[in-house]
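Next comes the sequence, and after it the predicted model I'd like to discuss.
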Amino acid sequence: MSNGLLEQLRVLDLGGAESDAVSRLFADLGADVLKIERLPGSPARRALPSVAGASIPFALHNANKRGAVLDPDSAADRDRLIELAGTADIVVDGRNPTGTAAFSTSCAALAERFGHLVALSVTDFGSSGPYASWQATDPVLYAMSTSLSRTGPTSGTPVLPPLGVASATAAVQAAWAALAAYYCRLRCGTGEYIDLSRFEAVVQSLDPPFGSEGQAAVGLKRSSELWRGRPRNQQIYPIFPCNDGCVRICLLSPRQWRGMRAWLGEPERFADPKFDTIAARYAASRALNDAIAELFAAQTMDDLVAEGQRRGVPIAAVLTPAQALSSEHFRAVGALADVEVAAGADVSVPVGPFVVNGEHAGYTNPAPSLGADATAWATQRPVTSSAGGAAGRPFDGMRILDLGVIVAGGELGRLFADLGAEVIKIESAAYPDGLRQTPRAR
């Protein structure tokens, strides 16, 4: 990919399934990502599900990369890997015994040897500690991160979120950490060794359990205030069945609530001005949701979404994966592409999450076949590093205006602030950040 935001970045990818998605994010933004495999190829090439013998996860997580083969039993190939690492900006490694360990080195050793290098080790539970030898699946990460305490009915078996959400969450956090370290390197000339635990990334990010209403946060409240089961009726963002599927609504501001109240026919029982507050609607959620469910039951998803937009009520259709992949909207904005993952086998895939200057920066080239490329960088340039400046936090001196609200805005601003930026949070005087109105647990 040319003219990408990271087109000067060299990334040596030595990992496997747990880190493939990390380097894909770099590749989407234009980095030269060179994936190194050993014969007979990464086990991730055989991961299910597959189409015509081609692994869909491997095809998606390794798109836009180049691929080469090195033999760890060959002294020349071991030397070549060290040479590539020494001329890379970022090295991404995964769980042992793949990657660096197969070549008798480690991310920590490479970072120590090459002072400019950002060396990222991505494992399930980190390289040390009592869980270091454990392996995790997405369901394990959901369970151990407290996310399952929030899903499903109020009693009985929790409902597993879709596979991939935890892994994708960890991949984004890993990419963020590596890019923050690389940005710091550009300023001070010194790289970093990053030991990233996917488990800890999920704990910090998903839902977020350590955030505004997470299990750790509510643990500080008096036991008499707490409901000890899973959330009752998902009062804040309820899902309602309708004629041909389901829709979900989000009522936060007084304006949104008033639009919903008018849609309900201005019922007298919800006329009190107190219902302009989230807390009052939360307390009356059973009666309120029953009324909305009755209104929605006979209507279609499309009609409900159109009417919600007309009335200023945030509402969305709940789509199946097949419906999402045939979405007219996703097609119109370029978020989906039809790609050939194997000879004669075309599938629809998401292009990627980044839109840069109005264009999707994502899937352009398929995952490389085994050994498709030479063990060399696509661009010939010396590794450059800043001459100078004292090492500090990566974003020291940066000033950011944070206009976001609720979790996504707050968490992103916090990530920058944690790493040194001066983050100035701007809120509406008429409608402050909704998290200031968090309903009390009961």
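Good, I have the coordinates.

contacts, neighbours, all on C-alpha from now
Will do.

what's the neighbour count on residue 204?
Residue 204 sits with 19 neighbouring residues when counted by other Cα atoms under 10 Å.

Using PDB, list the CA coordinates for the helix or strand where it lies.
Using DSSP states H and E, residue 204 sits within helix 198-205. Extracted in PDB, the C-alpha atoms of helix 198-205 (Å, rounded to 0.1, in the frame of the first residue of the first chain):
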ATOM      1  CA  ARG A 198      -3.900 -10.400  26.100                       C
ATOM      2  CA  PHE A 199      -5.700 -11.200  29.400                       C
ATOM      3  CA  GLU A 200      -4.700  -7.900  30.900                       C
ATOM      4  CA  ALA A 201      -5.600  -6.000  27.700                       C
ATOM      5  CA  VAL A 202      -9.100  -7.500  27.800                       C
ATOM      6  CA  VAL A 203      -9.500  -6.800  31.500                       C
ATOM      7  CA  GLN A 204      -8.600  -3.100  31.000                       C
ATOM      8  CA  SER A 205     -10.600  -2.600  27.800                       C
END
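
Packing partners of it?
helix 138-144, helix 165-188 (3 or more Cα pairs under 8 Å, 6 or more residues apart in numbering; DSSP states H and E).

Kindly reformat those helices as CSV containing mean pLDDT, distance to residue 321 and mean neighbour count.
Formatted as CSV, the helices and strands packed on helix 198-205 follow (pLDDT from 0 to 100; distance: least, Cα to Cα, whole Å; neighbours: other Cα atoms under 10 Å):
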stretch, mean pLDDT, distance to residue 321, mean neighbour count
helix 138-144, 93, 18, 18
helix 165-188, 95, 14, 21
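
from the chain's centre, how far out does the helix holding residue 204 sit?
Helix 198-205 has its C-alpha centroid displaced from the chain centroid by 11 Å (Cα atoms, centre = their mean, to the nearest Å).

so it versus helix 165-188, what angle?
90 degrees (axes from the mean of the first three to the mean of the last three Cα atoms, to 10 degrees).

Contacts for helix 198-205 next, please.
Contacts with helix 198-205, where a contact means Cα atoms under 8 Å, 6 or more residues apart in numbering, come from 122-126, 141-142, 144-146, 166-167, 169-171, 173-174, 209-211.

and what of stretch 307-327?
Stretch 307-327 has contacts (Cα under 8 Å, 6+ apart) with 245-251, 255-257, 259-260, 263, 301-302, 304-305, 330, 336, 348-350.

Out of the residues you listed, name the ones that lie in strands.
Of these, the ones assigned to strands by DSSP state E are 245, 246, 247, 248, 249, 336, 348, 349, 350.

Excluding chain neighbours, what is closest to the fifth one?
Spelled out, it's residue 249. residue 315 (4.4 Å; Cα to Cα, 6 or more residues apart in numbering).

Phi and psi next, for that neighbour.
Dihedral pair for residue 315: phi -150, psi 140, per degrees, to the nearest 10.

Kindly provide the distance from it to residue 110.
Residue 315 sits 50 Å away from residue 110, going by Cα to Cα, to the nearest Å.

Ok, residue 345 next?
40 Å.

who's more crowded, the two?
A count of neighbours by other Cα under 10 Å puts residue 110 above the other of residue 345 and residue 110, at 19 against 13.

tell me which strands and helices the helix or strand hosting the more buried one is in contact with?
Applying DSSP H and E as the criterion places residue 110 in helix 107-113. Helix 107-113 is packed against strand 118-123, strand 192-197, with contacts defined by 3+ Cα pairs under 8 Å, 6+ apart.

okay, those strands, which one's buried deepest?
Mean neighbour count (mean count of other Cα atoms under 10 Å) peaks for strand 118-123 among the helices and strands packed on helix 107-113, with a mean of 28.

For residue 422, which non-adjacent residue is spatially closest?
Closest residue in space to residue 422, ignoring its immediate chain neighbours: residue 399 at 4.7 Å, by Cα to Cα, 6+ apart.

separation between that neighbour and residue 356?
Residue 399 is 22 Å from residue 356, where distance means Cα to Cα.

and what of residue 246?
Distance of residue 246 to residue 356, given as Cα to Cα: 32 Å.

OK, contacts around residue 399?
421, 422, 423, 424.

Now flag whichever of the residues you listed is closest to residue 394.
Distance to residue 394 across these (Cα to Cα) is lowest for residue 421, with 8.2 Å.
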